[in-house]
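Participant: model this:
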Amino acid sequence: MPFTRWNPLTLWRDKRAHRLKIDEIHGEIVAAARATELYRVLGVPDDIDGRFEMVVVYAGLVLRRLGELGEPARPWAQDVVDRVFVSFDDALRELTFSDARVAKRIKAMAEAFFGRNAVYHAALAVENPHVLAEALARNVYRGRVEADAAPPRLLAERILAAARALEAADLETFAAGRFHFREGQGAVT
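Facilitator: Predicted structure coming up:
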């Protein structure tokens, strides 16, 4: 086997390319979470908490899929989580939160992020739209609407459709930059 020289520039380029892919995935998550249909048609509260909830949902869908892809996708999943939380941190700082308040708020956001996704993933695993709608009514709609009302029911169907569409995405899809949520459907192209 021929000796190859270690090239720090190649390593830097590879890391940079990977970081750009993670930024693209994060961009898709944010775009899906900001879809106007969620707020205008499905009644998701159009405020910082409502937008946080939708980022949690769409990031959770991506993380669920990466988790299904096994060990090779584990670093990708961690990088997506890191990128999502950097954006949360940035948003809080833009709202002029102090360092101490940012740290406290990020901790609460992390607990909410992972707690909600555990519940959402359990509902998605059994493909139960009613259980998912209950969780969405409690978290996204803050208990202001019943789970069998149209908004949480329709949002649950949208999320289930996105989860089903994500089943077709393999690690190469993410690595090649071909991962996209389809607008209005929550699906993947």
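
Participant: Could you list the low-pLDDT ranges of the protein?
Facilitator: 1-13, 183-189 (pLDDT under 70).

Participant: Could you check which helix or strand contains the most centrally placed residue in the chain?
Facilitator: In the chain, the residue lying closest to the centroid (C-alpha atoms, centre = their mean) is Ala59, at 0.7 Å. Ala59 is part of helix 48-68 when elements are defined by DSSP states H and E.

Participant: ditto for Ala112
Facilitator: Per DSSP H and E: Ala112 is located in helix 99-125.

Participant: Could you tell me the angle between that helix and helix 48-68?
Facilitator: For helix 99-125 against helix 48-68, the angle by axes from the mean of the first three to the mean of the last three C-alpha atoms, to 10 degrees is 60 degrees.

Participant: tell me which residues of the helix or strand following helix 99-125 are tucked away?
Facilitator: For helix 99-125, the following helix or strand on the C-terminal side (DSSP H and E) is helix 129-139. Buried residues in helix 129-139, defined by neighbour count with 16 or more other C-beta atoms under 10 Å: Pro129, Val131, Leu132, Ala133, Glu134, Ala135, Leu136, Ala137, Arg138, Asn139. C-beta: built from backbone N, CA, C; applies to glycine.

Participant: could I get those as JSON lines with distance to Ile48?
Facilitator: Formatted as JSON lines, the buried residues of helix 129-139 follow (distance: C-beta to C-beta, whole Å):
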{"residue": "Pro129", "distance to Ile48": "27"}
{"residue": "Val131", "distance to Ile48": "27"}
{"residue": "Leu132", "distance to Ile48": "23"}
{"residue": "Ala133", "distance to Ile48": "23"}
{"residue": "Glu134", "distance to Ile48": "24"}
{"residue": "Ala135", "distance to Ile48": "20"}
{"residue": "Leu136", "distance to Ile48": "18"}
{"residue": "Ala137", "distance to Ile48": "20"}
{"residue": "Arg138", "distance to Ile48": "18"}
{"residue": "Asn139", "distance to Ile48": "14"}
